[in-house]
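Q: next one to model:
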Amino acid sequence: MSEKFTEWNEFEKELNITPEQEAEIQLEMDIIKATIEARKKLNISQRELSKMSGIKQPAIARIERFKRSPQIATVIKLLYPMGFTLRVVPLSK
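A: Numbers count the residues shown, from 1 in each chain. Coordinates of the predicted model:
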C-alpha cells in the first residue's frame, strides 16, 4: 500500500475544508473538551454523570473519545446536572 501523503498539510489541502467547516469542527471539539473538563473538575466519573444525566455511560465515553458527535440536546443533558449550560456569544475577531 503506497502513501499518497507524506505530510499533514498535504492531506489537509486535499480535504478542501471550508473555513466554516473548520470552525464547526473546532467548536464541537471545544464543547466536548469543556464538558470533559467540567466533569473532571467536579470529580464525577462517567458512570456518575450517566446516572445524573440519563445518558448511557458508553455513549459518554464515545463522545469524550471524539468517536461520536453529540447533538445539542445531548450536550445540554450532560452539562445541566453539573451546573453548566451552553450560551451563544459573539465571535471574537
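Q: wait, Ile32 touches Ile63, no?
A: Yes: the pair Ile32 / Ile63 is scored as a contact, 6.1 Å apart, by C-beta atoms under 8 Å. Heads up, the C-betas are built off the backbone N, CA and C, glycines and all.
Q: give me the common contacts of those two.
A: Counting by C-beta atoms under 8 Å, 6 or more residues apart in numbering, the common neighbours of Ile32 and Ile63 are Pro70.
Q: how far away is Met82 from Glu24?
A: 24 Å (C-beta to C-beta, to the nearest Å).
Q: more crowded one of those two?
A: Met82 (16 against 13; other C-beta atoms under 10 Å).
Q: what pLDDT does the model give the more buried one?
A: Met82 carries a pLDDT score of 97 in this model.
Q: is the most centrally placed residue in the chain within a helix or a strand, and which one?
A: Residue closest to the average C-alpha location in the chain (C-alpha atoms, centre = their mean): Ile32, at 2.7 Å. Ile32 is part of helix 19-41 when elements are defined by DSSP states H and E.
Q: okay, that helix in PDB with CA atoms only?
A: Provided in PDB are the C-alpha atoms of helix 19-41 (Å, rounded to 0.1, in the frame of the first residue of the first chain):
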ATOM      1  CA  PRO A  19     -13.400  28.000   6.900                       C
ATOM      2  CA  GLU A  20     -17.000  27.400   8.100                       C
ATOM      3  CA  GLN A  21     -16.500  23.600   8.300                       C
ATOM      4  CA  GLU A  22     -13.200  24.100  10.100                       C
ATOM      5  CA  ALA A  23     -14.900  26.400  12.600                       C
ATOM      6  CA  GLU A  24     -17.700  23.800  13.100                       C
ATOM      7  CA  ILE A  25     -15.200  21.100  13.800                       C
ATOM      8  CA  GLN A  26     -13.300  23.300  16.200                       C
ATOM      9  CA  LEU A  27     -16.400  24.300  18.100                       C
ATOM     10  CA  GLU A  28     -17.500  20.700  18.500                       C
ATOM     11  CA  MET A  29     -14.100  19.800  19.900                       C
ATOM     12  CA  ASP A  30     -14.100  22.800  22.200                       C
ATOM     13  CA  ILE A  31     -17.600  21.900  23.600                       C
ATOM     14  CA  ILE A  32     -16.600  18.300  24.200                       C
ATOM     15  CA  LYS A  33     -13.300  19.300  25.900                       C
ATOM     16  CA  ALA A  34     -15.200  21.800  28.100                       C
ATOM     17  CA  THR A  35     -17.700  19.000  29.000                       C
ATOM     18  CA  ILE A  36     -14.900  16.700  30.000                       C
ATOM     19  CA  GLU A  37     -13.100  19.500  32.000                       C
ATOM     20  CA  ALA A  38     -16.400  20.200  33.800                       C
ATOM     21  CA  ARG A  39     -16.900  16.500  34.700                       C
ATOM     22  CA  LYS A  40     -13.300  16.200  35.900                       C
ATOM     23  CA  LYS A  41     -13.300  19.500  37.800                       C
END
